[in-house]
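Undergrad: Kindly generate the corresponding structure for this input.
(chains A, B, C, D, E and F)
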Amino acid sequence: MSNNIVSRLKRKKIQEVIATGKRMDGRELLEFRELEIKTNFLAKAEGSAEVRLGKSHVIVGVKAGVGHPFDDTPDKGVMMVSSEFTPVAHPTWEPGPPNEASIELARVVDRGIRAAEVIDMSKMCLISGEKVYLIFVDLYVLNYDGNLIDACSAGAMAALNTAEIPVYKVTKGKVELTDKTKKLKLGAQPIAITVVKIGNDLIVDPSADEEEVLDGRITITVDEKGTINAIQKRGAVGFTVDEIKKCINIAKEKTAEIRAIALASK
Amino acid sequence: MSNNIVSRLKRKKIQEVIATGKRMDGRELLEFRELEIKTNFLAKAEGSAEVRLGKSHVIVGVKAGVGHPFDDTPDKGVMMVSSEFTPVAHPTWEPGPPNEASIELARVVDRGIRAAEVIDMSKMCLISGEKVYLIFVDLYVLNYDGNLIDACSAGAMAALNTAEIPVYKVTKGKVELTDKTKKLKLGAQPIAITVVKIGNDLIVDPSADEEEVLDGRITITVDEKGTINAIQKRGAVGFTVDEIKKCINIAKEKTAEIRAIALASK
Amino acid sequence: MSNNIVSRLKRKKIQEVIATGKRMDGRELLEFRELEIKTNFLAKAEGSAEVRLGKSHVIVGVKAGVGHPFDDTPDKGVMMVSSEFTPVAHPTWEPGPPNEASIELARVVDRGIRAAEVIDMSKMCLISGEKVYLIFVDLYVLNYDGNLIDACSAGAMAALNTAEIPVYKVTKGKVELTDKTKKLKLGAQPIAITVVKIGNDLIVDPSADEEEVLDGRITITVDEKGTINAIQKRGAVGFTVDEIKKCINIAKEKTAEIRAIALASK
Amino acid sequence: MSKTKKKSSRKKWTRVDGRKVDELRPITIETGVIPNADGSAYIEMGRNKIVAGVYGPREMHPKRLSKPNRGVLRCRYHMASFSVDPRRSPAPSRRDSEISMVMTDAIAPALFLERYPRSVIDVYIEIIQADGGTRCASINAAAVALADAGIPMKDLVASCAAGKYDKKIILDLGDYEDKQGDSDVPIAYLPKLNEVTLLQMEGKMTQKETEKAIEMAIEGCKQVYEIQKEALKKKYGMVDEAATAEEETPEEPIEEEQKPEEENKK
Amino acid sequence: MSKTKKKSSRKKWTRVDGRKVDELRPITIETGVIPNADGSAYIEMGRNKIVAGVYGPREMHPKRLSKPNRGVLRCRYHMASFSVDPRRSPAPSRRDSEISMVMTDAIAPALFLERYPRSVIDVYIEIIQADGGTRCASINAAAVALADAGIPMKDLVASCAAGKYDKKIILDLGDYEDKQGDSDVPIAYLPKLNEVTLLQMEGKMTQKETEKAIEMAIEGCKQVYEIQKEALKKKYGMVDEAATAEEETPEEPIEEEQKPEEENKK
Amino acid sequence: MSKTKKKSSRKKWTRVDGRKVDELRPITIETGVIPNADGSAYIEMGRNKIVAGVYGPREMHPKRLSKPNRGVLRCRYHMASFSVDPRRSPAPSRRDSEISMVMTDAIAPALFLERYPRSVIDVYIEIIQADGGTRCASINAAAVALADAGIPMKDLVASCAAGKYDKKIILDLGDYEDKQGDSDVPIAYLPKLNEVTLLQMEGKMTQKETEKAIEMAIEGCKQVYEIQKEALKKKYGMVDEAATAEEETPEEPIEEEQKPEEENKK
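TA: Numbers count the residues shown, from 1 in each chain, chains lettered A, B, ... in the order given. The predicted structure follows:
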């Protein structure tokens, strides 16, 4: 209950400051914290990105392998996005299988990449129905300070853009690893932007405190041509159509800024 | 403890009424509630049955597929009966993996079908040791008001009798789906009847309240020729041999009545 | 808390007795309890040993099968040691998946056997990358009274020495079971000895009571030539290098005694 | 709702099932289908067959998940193994988890959760047959089931998707259109509050198309809403111009606060 | 027990192991085999090798499973990985769950559970080697282990199966007869109370055959009963014509209420 | 540390990465890398990249794991899926469990756990990239993270392995040397207390070689120790000749009790 009061006071404070057009940390409502992305820093991953968005700290690893296709897409490679909330990242996070928030993070990042057809999965087949490339995109959260979706989305794109995967070839019906590697050819550059509603105000890049008190959020994934690839609304309030349109506009605007950073080391 | 007292009072009441040769709901001791079975109502299942036995409400889905045989029966198809107690079916049922009661339900229904050799599994092999037909019989409980075994047993037989499974063929060592379907040829029509002992009385088709206070129960599965295929005794009391014989007689008598309803839409 | 006091009193008592150069049960500090090993007593296992070390009672079963090799060792058979702490073995042990102590037991026994190259895994391949022999060594604890590592290590070696595994042959690319069996050819005879530190004293073969109050323990696995194959230190105290050397000396001395019993029925 | 004109201009292009671009699939809703539940509903929306059952408000188990100052809404979306082709495992998937979350967010804004401190309202969704748009159909059934349970609501929640298929924006995509189409935008909408409480999207659309889809889906929701009210009227002879959201009238089986017609008309 | 005559008339037909149709496999029972347990027994019945250990009555964990007005009997049937061929996974199967349930029902009627409110009696069964009829052999060992634990009993529980093999009804099927036979009827029986507490059946038999099998199994149980008593006498020098079921004499290590011989003779 | 001479005598034989037999891989340690944690450190030891984070002392959940008279140290060793090649499953392995246990034992002796009854100190290790010797590198990072958290320590724990490769005893084996070598002896060492708190070994070595490896590893630990102190100094400008172990000075960020230099040497 006391926790509850603290939370209500925090909410009140945050909302009051936002009403003045600023944030607790001095940012504008539609201003991101500093975003730093370092790519290709892991030797055992085919691609990697270390993302720091304010104090949020995420590592994205891309790994490639060979395995079975799904039964209903025998000629397509398989991409899987998974997410791990390490217990080191926040005092309340515990070891264990992915919780709901972790599942949602992976699925929203996955959806943007999949819908934009970033990787042409139909070119990732080795033996129809038997062997295809597997591309794993693993999101690994080392410190949580809000807005993991945007940080992971940008990191995933940065890692995919710089990944070099081993080339396999098929000889006499057998898959063999060659000593070559190749870059993934990416069909689009989608970036997710999350817009948060607190009271009647819309902000971007929420901190952990802001996420704790938010009313709702909408994540919009937009590619480099302005095509929308994914939307995800969460939170126990509704949005008017006008608010939704505002969110889309904000996302379209911000996406270019974040994409530029994500692709800087391409 | 109060729960306990309620339960004891309930038991006393039910027993008193039964002693008069009637049931709380007006039925005779050996009278079933109304049994309705609707078959083939699901488009994505190869066979289906919706069973209403009083307020107990169960859906049985039959699905076919292709997969590996068991190691010790390389030339036989595989039948699997599973059961799901949905949390919607009763205020005390919770989501999660099958509990003991759910496992028993599936196993008792399975045992009757398997022992009666309802499906000739030796005709369900496609490639010895590699590919066989899989027949799934899934019991799905939507509302619980007692006597799930009998309801599910009848529903499973109704669904199997009306199922049409896709035909696969083997071409050059590969299994291929054809556009044909075929009915399953059933070798027997076993039906399970559960007889419940409350005090010294025997009743059939127990309601949820009656199951709550029962002393013991014996389920007997009998085929259309009167052959006994399965028996399952439960409950923390013993039965005399005479009581067991009475149970078998009751089951043999009731089985025809229930079988007629189960096979009505054959 | 009371438990805690009991434990401290127990510790005090045990330590006082040890200080006199004796143990609670009259043994010398470096004296094992009686060790009895009965081999080949299970018909359905390829090898077996029943070990009684004082009141500790363990069954080791060796089973052979055929399965896939690990990806990184396509030409090698697979040995797996697993351990089961049955709930019958101790009032505080509960049914469930292996706990930490059970995992450690299996891994320490495994490590000694693996490091000593007891089984030449490179001779256990049937079809490279596809089919290899699997050797399971299952440790099954029926009564716990301390020193399970030494009991299981000796039992595992006794069971492996007397095991006869079925012979498979490869005909036209298919693995077939023959009606022959063969003994495993063992490359070494490692035996684990656990030395326990209580206060400043070192003892071997701790009872359950002694394990409860120990400060640290070091298990050293030594083969018949005196080669050290594995060491495992546990417990929340450190050891000086001198103490470690003493432990190694004790282990080397004791290993011959235990090995003789383990191999008696070879 | 003057859509007739719009539709006539698109006469030549036809949908797979002959529907107009902005035509819903047939919907039927029945209440009170699960006798044990506090409220329940069965929906057929196209070939979707879905049961929703409500238990609560009731005590929360486990207690640590309850909130001291408000009730918790807990939705569980669950697919029967035979609801799709091929059969799916009965274990909950990551997709199920995510849908459960967004459904909860979609429905919670319609409830007065602050009235039920420390309690939970459980909404269980059982997908008997799936045909595209299960999450929308589930929300529609859930809202009616909540009303059937006599839980006061600010408004019913109506849900339906629009999407892009063959270059056109169309309403309420069926299974085929969903899988072959370019994108899908499921929406949930509170007509009286004019709020969108579910919004997801996956695919490729321009901003304009996205906004058009959202608006079309909202119009669809309004039609669904009428069908939902009809289903409740059938049972309760009901009660349209009743209380307002501000009044607390928990005795009312349903609490529909009508705002002036103009507000509803977008 | 005048069966000798019957048997002589079936001389020519012989069983796989040379037994007479109504002859038990050799049985040996030993008590006190698990020092840590409150009571224990080891049985060999044919080639079955089974350990039963009893802990309790003791406090129930988790508490929510305890009952305010009576004790709970909790049996756990568990097979060692090496007890069968091929090796089985150590994880409990659905079959294990079911056998645990029916075993509990088989044994509970022999205990005075009402004397132990809020407590549990744990019976752990470890199958070291399986040879057909494990559940019966387990019940026999469990009953002796409960007596060995000094838990007052209305009667020992004796268990044995009969079944149909090669057109004959035979007693106590071994592994081969079980697998090749037509049906199997495991029974548990309280001789003094003349009650059947376990009854299962699977296969194909007429009503007459089934009843004959039940009666033959009961005769088998009576023989088992004598062997059980012998095993206890060996340890306790025991105590045959003791207390009656009605008296509460919890101090007695075992409470065997002998009814007049006539009653036992059926 | 007069090793220069020894090394020069082995000039011709070179290690895979050009190091001298008793030369550590390059080590860098950084503190305070996880803002949310009470203390943290990042280590690169060779190509290992590892983060350690400390939370606590804090309340223990679940409570039953807490101890009434002392704190509990809980280390969790965890590898990112992309830290090794091929990708590993994110689920914890038996190896992870064991390393977590021995790490806990390695570090606990350096803490004053008796000061924190009913509390827990959580040390979370995240392996971002693995390169042989992860457990040693993890302990090194953990010790610095504990100091960074301001938790009083008797001493830092320094860790490093020695092993046998190509007939030579060498220090701090890299991935290749570990996998191709004959044995590996990871050690953790408290320099001021002159105690070994981690000791494992796997492979084949004579007693003499083993002792030599232990001694070489201890020398390595002493070098690591200097690097650890340097890392802390960099942050805290620190504090070398401070309090003694006997004093309770929990306000001190780190409590390094220096014993006379002589003791440390050797």
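
Undergrad: residue contacts, the residue in chain D positioned nearest to chain A?
TA: Of all residues in chain D, residue D:195 sits closest to chain A, at 2.6 Å by CB to the nearest CB. Where C-beta positions appear, they are placed from N, C-alpha and C, glycine not excepted. By CB atoms under 8 Å, 6 or more residues apart in numbering or on different chains, the residues touching residue D:195 are A:237-240, D:109, D:189.

Undergrad: For these, give me CSV that also has pLDDT, distance to chain C and secondary structure.
TA: Conversion of the contacts of residue D:195 to CSV gives the following (pLDDT from 0 to 100; distance: CB to the nearest CB, whole Å; DSSP: H, G, I helix; E, B strand; the rest coil):
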residue, pLDDT, distance to chain C, secondary structure
A:237, 96, 42, coil
A:238, 97, 44, coil
A:239, 98, 45, strand
A:240, 98, 51, coil
D:109, 97, 42, helix
D:189, 98, 46, strand
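
Undergrad: centre of the chain versus stretch D:13-33, how much separation?
TA: In terms of CA atoms, centre = their mean, to the nearest Å, the centre of stretch D:13-33 is found 14 Å from the chain centre.

Undergrad: In it, which residues are buried?
TA: Neighbour-count burial for stretch D:13-33, counted by 16 or more other CB atoms under 10 Å in any protein chain shown, picks out D:15, D:19-25, D:27, D:29-31, D:33.

Undergrad: okay, that stretch in CSV with CA atoms only?
TA: What follows is stretch D:13-33, C-alpha atoms only, in CSV (Å, rounded to 0.1, in the frame of the first residue of the first chain):
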residue,chain,number,x,y,z
TRP,D,13,-13.8,-6.6,-57.3
THR,D,14,-15.0,-9.4,-55.1
ARG,D,15,-13.8,-11.0,-51.9
VAL,D,16,-13.1,-14.6,-51.5
ASP,D,17,-16.3,-15.2,-49.7
GLY,D,18,-18.3,-12.7,-51.8
ARG,D,19,-18.4,-10.1,-49.1
LYS,D,20,-18.3,-6.3,-49.7
VAL,D,21,-15.1,-4.6,-48.7
ASP,D,22,-16.6,-3.2,-45.6
GLU,D,23,-18.9,-6.1,-44.7
LEU,D,24,-18.5,-8.1,-41.5
ARG,D,25,-18.7,-11.9,-41.6
PRO,D,26,-21.9,-13.2,-40.1
ILE,D,27,-21.9,-13.0,-36.3
THR,D,28,-24.0,-14.8,-33.8
ILE,D,29,-23.6,-14.4,-30.0
GLU,D,30,-25.3,-16.4,-27.4
THR,D,31,-25.1,-15.8,-23.6
GLY,D,32,-25.1,-18.1,-20.6
VAL,D,33,-23.5,-21.0,-22.4
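
Undergrad: in which helix or strand would I find the residue of the stretch 51-200 of chain A found nearest chain F?
TA: Among all residues of the stretch 51-200 of chain A, residue A:61 sits closest to chain F, at 2.8 Å; criterion: CB to the nearest CB. Assigned by DSSP states H and E, residue A:61 belongs to strand A:56-67.

Undergrad: tally of neighbours for residue A:199?
TA: Neighbour count for residue A:199, taken as other CB atoms under 10 Å in any protein chain shown: 15.

Undergrad: Verify the stated contact: residue A:243 with residue A:196.
TA: No - judged on CB atoms under 8 Å, residue A:243 makes no contact with residue A:196 at a distance of 11.4 Å.

Undergrad: Let me see the contact set for the residue most central in space within chain A.
TA: Closest to where the C-alpha atoms of chain A average out (CA atoms, centre = their mean) is residue A:153, at 2.4 Å. Shown in contact with residue A:153 (CB under 8 Å, 6+ apart): A:108-109, A:112, A:190-192, A:221.

Undergrad: same question, residue D:60
TA: By CB under 8 Å, 6+ apart, the neighbours of residue D:60 are D:66, D:72, D:118-120.

Undergrad: out of those, who's nearest residue A:183?
TA: The closest of the contacts of residue D:60 to residue A:183 turns out to be residue D:72 (CB to CB; 47.7 Å).

Undergrad: Distance of that closest one relative to residue D:62?
TA: 12 Å (CB to CB, to the nearest Å).

Undergrad: The two - which one has more neighbours?
TA: More crowded of residue D:72 and residue D:62, by other CB under 10 Å: residue D:72, with 20 against 6.

Undergrad: Tell me which of the contacts of residue D:60 fall in helices.
TA: Among the contacts of residue D:60, the subset assigned to helices under DSSP state H is empty.

Undergrad: Filter those residues down to the ones in strands?
TA: D:72, D:119-120 (DSSP state E).

Undergrad: ok, now how distant is the residue of the stretch 101-250 of chain D found nearest chain B from residue D:34?
TA: Nearest residue of the stretch 101-250 of chain D to chain B: residue D:124, at 4.1 Å (CB to the nearest CB). Residue D:124 sits 9 Å away from residue D:34, going by CB to CB.
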